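**Q** Give me the fold of what follows.
(chains A and B)
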Amino acid sequence: MIRDTTIGAKLWAAAIWTIVGFFVLNLLAMIATVITSSFATRWLGTWLPVGWTTRWYSSAWSEFQLWDVLMVTFQVVGAVVLISGALGVTAAYALARRDFAGKRLLVLLFLLPLLIPSITFGIPLATVLYRTGLAGTFWGVVAANLVPTVPFVILVMIPFIEQIDPKIEAAARVFGANTFKLFIHVLLPLLLPGILAALLLVLVRTIAMFELTFLVAGPTSQTLVVALYYAVFAAGVRAVQSIDAMAVVYMATTLVWLIIALRFVNPTQIVTRAKQQPAH
Amino acid sequence: MDALAPATAIEHGPSLRQRLAARGFDAVTLLVIPAAIFSLLLFVYPFAFGFILSFEPKAGGWLANYQRFFSDSYLYDTIANTLWLSVPTTLVNLLLAVPIAFRVRLMRHQRLLTTILVLPITLGTVLVAEGLLNYLGPQGWFNRTLMTFGLISQPLKLVHNYWGVFASLVITGFPFTFLLTLSYVTGIDPALEQAGATLGANAWQRFRHIYLPLLMPGFAITFCLSFVQAFSVFPSAVLLGEPAGITRVISIAAYQAAFEEYDYSMASAVAMIMGFVQLAIVVAVLAARGLFYRGPASGAKG
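**A** Okay, here's the model as predicted:
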């Protein structure tokens, strides 16, 4: 490793750490503002609130029907995780193991929904879903959320499957395993870490997926993040603290899963997909 | 009969199944079909449908939607508004991310920092908008701190205008850009830099003549991905910005056409224009990438 010891290099390093510190400080202060406000009795024009209370949580819980919203959120997320896992892993297996005409085209097809932002394809998708009457329903929301998550699982799983030696599968075949046994006893145990990582990332992304859910959700199929948007949008109707309490509930829901996910994946994987594999 | 069967097989050559298998089509390949059908139904079909629908306006000729978009300043200004937000924030994020990534790559405990930076990405734009509304507001901690230090006498107006959206795009966009840049920077073999240092190159020369040419393709991709995210800004432009004025971005125009005017044809046209502008910029950046070195740079580290 090269260490520069000139004054210029030290100043430069100090300047960079100052920027990082400034960014992290502001980020944490922003989150702390929301949490502080949610416990405040009255907070106007002072550093800290006048008094502390937890009543905003009970009022947010009933005002925003958080129980129903949370149930819908978990059902949507659960369905999205299971379906994208089933569709994504099978397709990734075929793409990792076989070379066939049109494979590049197919990979491009799976890459596009991740490169095109959700608002751009969300509007035509919502139009089609409204015409078929699926929009506003539970399965409409699930279908819309699957559009980016299925390709995401495929692209995370392809390199993971490629690194498993095909000879292991061939050996299982030689000893008479049929496809089902091969999958249950050989592939699944080997792929489990990869599948778990991919599905946890899908889970965290789906909880925070605003645009697609917003475009197709109806009153009974809103997830937490969309309900939060509507609450902030109609600010003034309800107390700020009540909205902040809801935001804290949303943060807690996301962060619990993020902490679980971070036990299995590298934080950079949330952004860079399949760049770093746990192989080395 | 038994003796004849192999003879016919030879006459006809390998069976259809064998010939397909030789080209890579067998039972395993079929596993890709469910996901492909799904993608065709929910991605390709809606996109094609929207494209055709955009040429079937409620009134007027087949180009009426596009004519309306490019003749109404309230609509075509959204392109400039969106670019005016997304290009500066993407550049700021990238210019900040590069030196920081070069510093962080030398750190031993990167995980704490990367975990903190992943927070705004996973919390999402809605929560960041809600938090910044309080934090950057006239009574928020940010303005209070600046006033305590005597840097300003009046609270700065940082929400419900351009700067609110700018701040939210930096808070959610910077971590994304940074983590992507970091993964490119750490992928380059440090031996190349050490060789440069041995030959007497100083830090700037090593960056300028060794890293920059190797990283340029990676930076181009980082720019594109970050830009596309910033270009489709929606919740923060509504909640933190001035959705009827300077931060009326193109997603707001598309949303209003679809869900306030119920003109899905117009909304599809706006979505297509949005996709086209993004594509044009991404293609331009990626074409410029072709001018730089492309080849192995990762060494044995992998």
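
**Q** Any stretches of chain B with poor pLDDT?
**A** Counting by pLDDT under 70, chain B shows low-confidence ranges at B:1-12, B:290, B:292-302.

**Q** in it, what residue is nearest chain A?
**A** Going by CB to the nearest CB, chain A is nearest to B:G50 of chain B, at 2.7 Å. C-beta: built from backbone N, CA, C; applies to glycine.

**Q** got the contact list for the nearest residue to B:I210 once chain neighbours are set aside?
**A** Of all residues not flanking B:I210 in the chain, B:G196 sits nearest, at 5.0 Å (CB to CB, 6 or more residues apart in numbering or on different chains). Contact analysis of B:G196 by CB atoms under 8 Å, 6 or more residues apart in numbering or on different chains lists B:Q205, B:R206, B:H209, B:I210.

**Q** What lies in contact with the one helix or strand the second one maps to?
**A** Just to be clear, that refers to B:R206. Assigned by DSSP states H and E, B:R206 falls within helix B:203-206. Residues outside helix B:203-206 that contact it (CB under 8 Å, 6+ apart): A:D4, A:A9, B:E193, B:G196, B:A197.

**Q** Just after that helix, pick out the following helix or strand.
**A** Taking DSSP H and E, what comes next after helix B:203-206 is helix B:212-231.

**Q** about what we covered before: give me the PyMOL select line for the contacts of B:G196, limited to the buried ones.
**A** Buried members of the contacts of B:G196, defined by 16 or more other CB atoms under 10 Å in any protein chain shown, are picked up in PyMOL with:
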select buried, chain B and resi 206+210
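
**Q** tell me the domain ranges of chain B?
**A** Residue ranges for the domains of chain B, per automatic domain parsing: B:16-52, B:71-289.

**Q** Run the contact check for the host helix or strand of A:W56 versus chain B.
**A** When elements are assigned from DSSP H and E, A:W56 belongs to helix A:55-63. No - under the criterion of CB under 8 Å from any CB of the partner chain, helix A:55-63 makes no contact with chain B; the nearest approach is 12.9 Å.

**Q** Downstream of that helix, the next helix or strand is which one?
**A** Next along the chain from helix A:55-63, counting by DSSP H and E, comes helix A:66-97.

**Q** How about that following helix and chain B, touching?
**A** Yes - between helix A:66-97 and chain B, judged by CB under 8 Å from any CB, the touching residues are A:L87, A:G88, A:T90, A:A91, A:Y93, A:A94, A:L95, A:R97.

**Q** you'd agree the first one is up against B:V32?
**A** It stands for A:L87. No - taking contacts as CB atoms under 8 Å, A:L87 lies outside contact range of B:V32: 9.8 Å.

**Q** about what we covered before: top of the residues of helix A:66-97 next to chain B by neighbour count?
**A** Scoring the residues of helix A:66-97 next to chain B on neighbours with other CB atoms under 10 Å in any protein chain shown, the highest-scoring entry is A:G88 at 29 neighbours.

**Q** Where does the nearest residue to that one once chain neighbours are set aside fall, secondary structure wise?
**A** Spatial nearest neighbour of A:G88, chain neighbours left out: A:V153 (2.7 Å); criterion: CB to CB, 6+ apart. Under the criterion of DSSP H and E, A:V153 resides in helix A:138-162.

**Q** distance between the very next helix or strand once past that helix and the chain's centre?
**A** Note on helix A:138-162: by DSSP H and E, the next helix or strand toward the C-terminus is helix A:166-174. On the basis of CA atoms, centre = their mean, to the nearest Å, helix A:166-174 sits 35 Å off its chain's mean C-alpha point.

**Q** Surely A:P49 touches A:I35?
**A** No - if you go by CB under 8 Å, A:P49 and A:I35 don't touch, sitting 11.4 Å apart.

**Q** shared neighbours of the two, which are they?
**A** Common neighbours of A:P49 and A:I35 (CB under 8 Å, 6+ apart) do not exist.

**Q** Tell me how many other residues crowd A:A96.
**A** Neighbours around A:A96, by other CB under 10 Å: 18.

**Q** In terms of pLDDT, where does it sit?
**A** Each residue has a pLDDT score; the one for A:A96 is 89.

**Q** Looking at the residues of helix A:66-97 next to chain B, which is nearest B:L132?
**A** Closest approach to B:L132 among the residues of helix A:66-97 next to chain B (CB to CB): A:G88, at 34.4 Å.

**Q** Surely that closest one and A:G194 touch.
**A** No - contact criterion CB under 8 Å: A:G88 and A:G194 do not qualify, at 10.9 Å.

**Q** which neighbours do those two share?
**A** Residues touching both A:G88 and A:G194 by CB under 8 Å, 6+ apart: A:M157.

**Q** Can you spell out which helices and strands pack onto the helix holding A:W56?
**A** With contacts taken as 3 or more CB pairs under 8 Å, 6 or more residues apart in numbering or on different chains; DSSP states H and E, helix A:55-63 sits against helix A:240-264.

**Q** who's in contact with A:E162?
**A** Counting by CB under 8 Å, 6+ apart, A:E162 has contacts A:A96.

**Q** let's see 10 Å
**A** A:A92, A:L95, A:A96, A:R97, A:Q277 (CB atoms under 10 Å, 6 or more residues apart in numbering or on different chains).

**Q** can you tell me which residue is nearest the centre of the chain?
**A** Picked chain A for this. When CA atoms, centre = their mean is applied to chain A, the residue found nearest the centroid is A:R205 (1.0 Å).

**Q** To clarify, I was referring to chain B.
**A** Note: chain B centre (CA atoms, centre = their mean) maps to B:L225, 2.9 Å.

**Q** Could you check what's spatially nearest to the residue of the stretch 101-250 of chain A found nearest chain B, not counting adjacent residues?
**A** Residue of the stretch 101-250 of chain A nearest chain B, by CB to the nearest CB: A:P124 (2.7 Å). The shortest distance from A:P124 to any non-neighbouring residue, by CB to CB, 6+ apart, is to B:G50 (2.7 Å).
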